[in-house]
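In: Sequence and predicted structure below; questions after.
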Amino acid sequence: MPKRPAVSFDWSEGRFFDRWMLVHFLSGVAGGFSNRWFELSTPMVFVVAVAMMAGWEFGEWKLGVTESLSNIVIDIMVGCAGVGLALAIATRLSPTAEVVAFVATFSVAAAGGVLGFVAYRRRNEAK
């Protein structure tokens, strides 16, 4: 596995921080706000979140995206932190505000994912 910096401020993988962490965090926030429709218990929200994030990381691996184990674990932890934040905030929001919060965080996370994917493709095409 190639040497990776501890911190990367672009879309390249950092062992402990990179821009993808923001996407993972916001995805977790959106996931936490989506519980408005699912009404799962708090522990079940985290079980589902970890399963989905681990599934995403597995899918990346199957597609040939290689990441350090520390980065994968941190991605999942950061996503769970986003879920926790959303669940804490959601109790203070009206139903309409919670939907708006979901749409906003989902949109920003999706846009970040697209930007990161484009950067990933450009980086691989340049090799």
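Out: Right, received. Where do you want to start? Numbers count the residues shown, from 1 in each chain.
In: can I assume residue 5 sits in a strand?
Out: No - applying DSSP: H, G, I helix; E, B strand; the rest coil, one finds residue 5 to be coil, outside a strand.
In: Looks like it contacts residue 68 (just checking).
Out: No - Residue 5 is beyond contact range of residue 68, at 10.9 Å (criterion: C-beta atoms under 8 Å). C-betas here are computed from N, CA, C, even on glycine.
In: Overlap of the contact sets of these two?
Out: Residues touching both residue 5 and residue 68 by C-beta atoms under 8 Å, 6 or more residues apart in numbering: residue 15.
In: Tell me which stretches of this protein form helices.
Out: Ranges of helices within the chain are 19-38, 42-62, 69-90, 95-126, based on DSSP state H.
In: Work out which residue lies at the spatial centre of this protein.
Out: Centroid-nearest residue in the chain, with C-alpha atoms, centre = their mean: residue 24, separated by 1.5 Å.
In: that older thread, of the helices of the chain, which approaches residue 12 most closely?
Out: Among those, the nearest to residue 12 by C-beta to C-beta is helix 95-126 (7.1 Å).
In: which parts of stretch 24-43 are buried?
Out: For stretch 24-43, the buried set under the neighbour-count rule, 16 or more other C-beta atoms under 10 Å, comprises 24-35.
In: show me where pLDDT drops low in the protein?
Out: Within the chain, the set of residues satisfying pLDDT under 70 comprises 1-2.
In: Could you identify which of the helices of the chain is most buried?
Out: Of all the helices of the chain, helix 19-38 has the most neighbours on average by mean count of other C-beta atoms under 10 Å, namely a mean of 22.
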